[in-house]
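1. Build me a structure from this.
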Amino acid sequence: MADPVIGIDLGTTNSVVATVKDGKVVVITDDKGRRLHPSIVSFHPNGGTLVSYEAQQRRIVDPRNTIFSAKRLIGQPYRSEDVQYAIQRLPYRVEEGPNEQTVIVARGKRYTVPEISALVLAYLRQCAERHFGGPVDKAVITVPANFNDSQRAATKAAGRIAGLEVLRILNEPTAAALAYGVGRGLDRKIAIYDLGGGTFDITILQVRDKIFEVLATGGDTFLGGDDMDEAMLDLLALDFLADHHYDLRDDMVARPVLLVAAEHVKRQLSKHERYQSEIKDLIHGEGGAAIALKIDVARDRFEQAIEPLCERTFEACEEVIRLAGLEVSQIDDVVLVGGATRVPLVQRSVEKYFQKPVHANINPDEVVAYGAAIQALALSSDLEMDQFYSLLLDVTPRALGIAVAGGYAEPIIGRNVQIPVEQTRIFTTASDHQQLVRIQVCQGESRRFDENTALGELALSDLRRARRGEIKIAVTFLIDTDGILRVNARDVDTGAAQTATIQVRGTMSEQEIGERRAAFAVTSAQALPAPAENAS
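-> Numbering: from 1, shown residues only. Model (predicted):
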């Protein structure tokens with residue numbers, strides 16, 4: 001019997017883990033039968049570590065040591081605009097670590113973001129081991145299609161730290177397309193509109209029976225349900241300000257309570273036209289008198305606040321459809337993915353833009369994990385892969401380039417090129433006896449290097465001593481099936497391999513990953529609460 005494998009949708013708000021049993025996808029639950037697992041970690045005063053629902057309960061009582069929305073920070077350099085924007089809104093402490101890494105501080109200890117994600121992944125792994133009744137160490141983990149190289153590498157590092165062999169880093173929309181199309185004999189052009197807690201992706205695929213070909217992909221790695229929660233928080237805070245002349249957004253005790261309330265109100269307004277409630281004793285005024293927050297929000301007011309967020313998604317849709325060489329009218333099916341697509345305004349706006357009804361019979365919270373489970377089994381099973389599909393053609397979401405004279409960037413691998421892909425460029429030494437060449441690497445489409453995402457610096461070392469220009473080094477950039485950059489280099493004249501290393505900004509080194517994985521293996525069994533046996 002083959003070893004068990006799982007597919008994991010590692011989400012910003014919630015995560016889902018699934019497997020395939022007897023030809024059917026099964027979502028793995030916790031001990032209470034819950035299929036969604038909050039992507040939250042809380043470090044308890046007693047030294048323990050809580051994950052999922054137990055951690056979620058501590059967002060209000062211990063916001064400084066309860067970590068949520070870590071996916072928005074993973075693989076992001078501390079000095080990036082996205083991280084700096086997030087820091088202003090997160091209640092927990094975030095600092096800069098080695099190599100510009102984003103580091104989270106809780107209970108006086110520093111954690112890299114992949115370590116936080118590893119705790120979530122380890123919890124999901126434990127749920128799976130209870131389900132199977134034995135060890136589980138192989139998984140496919142999904143990421144937003146628009147994740148860059150460092151974000152993908154950091155996600156894979158999180159899996160490795162958690163003790164998983166990561167069979168593939170799979171794009172979330174591609175996973176959703178697999179779940180939607182496998183076994184249906186389709187010949188359709190499909191748009192996957194994926195609006196999750198922290199990210200937005202739009203991917204256009206051509207599905208012909210068992211061939212799944214991504215035509216184009218794009219999106220925004222910092223746009224999602226979290227931003228809707230912030231919009232709702234502003235509405236609640238403005239109402240309180242009007243009544244009590246006090247801005248709760250500046251109150252570091254009240255703000256976490258307000259954010260949790262905002263998320264709850266958002267969910268309620270997806271079901272009801274209006275929502276009314278009250279949070280008693282939110283703050284205390286003069287003389288210690290308790291002041292309550294009265295909540296009264298109509299759906300149309302909330303929709304007006306988030307309409308600009310919806311419009312941003314369609315800017316990306318327009319670009320990606322153009323890159324696919326299509327018109328909106330040529331899209332046959334539209335599939336909604338991600339919890340934020342439950343918002344009625346989002347559904348109406350998508351139907352209006354694509355001029356057709358969306359497919360509402362697929363669970364947007366689970367469809368990505370479904371596809372990940374199918375891919376996991378296909379990669380690990382002794383059965384022929386074409387039981388599921390015969391060809392899966394994905395693309396790289398961003399161009400890969402290098403710095404050249406004048407502050408410009410020269411593209412090496414273009415955007416929306418099928419992966420795996422490799423390209424080679426020839427470099428020469430600029431001075432006599434030069435033994436080291438440095439090459440700056442970026443991702444993005446701008447001709448200006450500084451307008452792209454700087455990945456890091458490629459170092460070619462141990463070059464043979466020669467006159468300027470005599471050493472010709474062939475540098476090969478390879479984007480693998482995970483969408484992660486690999487680099488090889490060789491001396492053109494001698495054919496000898498050269499040492500080529502790239503230290504990606506904001507990521508962990510191989511040595512760090514190994515050390516954290518070893519430490520994690522020793523402590524995680526004690527730190528993580530083991531899920532109870534499933535009732536089934």
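2. okay, CA-based contacts and neighbour counts for the rest of this
-> OK.
3. What segments of the stretch 101-250 of the chain are strands?
-> Per DSSP state E, counting those that start in this stretch, the stretch 101-250 of the chain carries strands over the ranges 102-106, 109-112, 138-143, 165-171, 187-195, 200-208, 211-220.
4. so which of the ones you listed is the most packed in?
-> Across those, averaging neighbours per residue (mean count of other CA atoms under 10 Å) puts strand 138-143 on top, at a mean of 27.
5. That one - contacts with which helices or strands?
-> The criterion is 3 or more CA pairs under 8 Å, 6 or more residues apart in numbering; DSSP states H and E, and the helices and strands that strand 138-143 contacts are strand 6-9, helix 149-161, strand 165-171, helix 172-181, helix 367-380.
6. Need the ones you listed in TSV (columns: mean pLDDT and distance to Val105).
-> Below are the helices and strands packed on strand 138-143 laid out as TSV (pLDDT from 0 to 100; distance: least, CA to CA, whole Å):
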stretch	mean pLDDT	distance to Val105
strand 6-9	98	25
helix 149-161	95	17
strand 165-171	96	27
helix 172-181	94	29
helix 367-380	94	30
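7. wait, which of these is closest to Lys71?
-> Closest to Lys71 of those is helix 149-161 (CA to CA; 8.8 Å).
8. what's the burial count for Ile28?
-> Other residues near Ile28 come to 24 when the count uses other CA atoms under 10 Å.
9. so it sits right up against Ala128, yeah?
-> Yes - between Ile28 and Ala128 a contact is recorded at 6.5 Å, counting by CA atoms under 8 Å.
10. Mind listing the shared neighbours of those two?
-> Shared contacts of Ile28 and Ala128 (CA atoms under 8 Å, 6 or more residues apart in numbering): Val17.
11. which SS class is Leu478?
-> Following DSSP: H, G, I helix; E, B strand; the rest coil, we place Leu478 in the strand state.
12. Tell me how many other residues surround it.
-> 19.
13. which residue packs closest to it, ignoring adjacent ones?
-> Nearest non-adjacent residue to Leu478, counting by CA to CA, 6 or more residues apart in numbering: Glu422, 4.2 Å away.
14. right, and the one you found touches Gly483 too?
-> No - with contact defined as CA under 8 Å, Glu422 and Gly483 do not form a contacting pair (11.5 Å).
15. what about these two, which has more around it?
-> Taking neighbours as other CA under 10 Å, Glu422 and Gly483 compare with Gly483 leading, 27 against 15.
16. how would you label that one: helix, strand or coil?
-> The three-state label given to Gly483 by three-state DSSP is coil.
17. ok, it - contacts?
-> By CA under 8 Å, 6+ apart, the contact list for Gly483 reads Asp149, Arg152, Ile169, Val395, Thr396, Ile419, Pro420.
18. so which of the residues you listed would you say is closest to Arg59?
-> Closest to Arg59, out of all of these and judged by CA to CA, is Arg152, at 27.3 Å.
19. isn't that closest one right up against Ile484?
-> Yes - between Arg152 and Ile484 there is a contact under CA under 8 Å: 6.5 Å.
20. quick one, which of the two is more surrounded?
-> Between Arg152 and Ile484, Arg152 has the larger neighbour count (other CA under 10 Å), namely 26 against 19.
21. Burial check on Gln423, number of neighbours?
-> Gln423 has 11 neighbours, counted by other CA under 10 Å.
22. Low-confidence stretches in the stretch 251-400 of the chain?
-> Applying pLDDT under 70 to the stretch 251-400 of the chain flags residues 360, 382-390.
23. which residues in it form strands?
-> Going by DSSP E, counting those that start in this stretch, the stretch 251-400 of the chain shows strands at 274-284, 290-298, 333-337, 391-395, 400-404.
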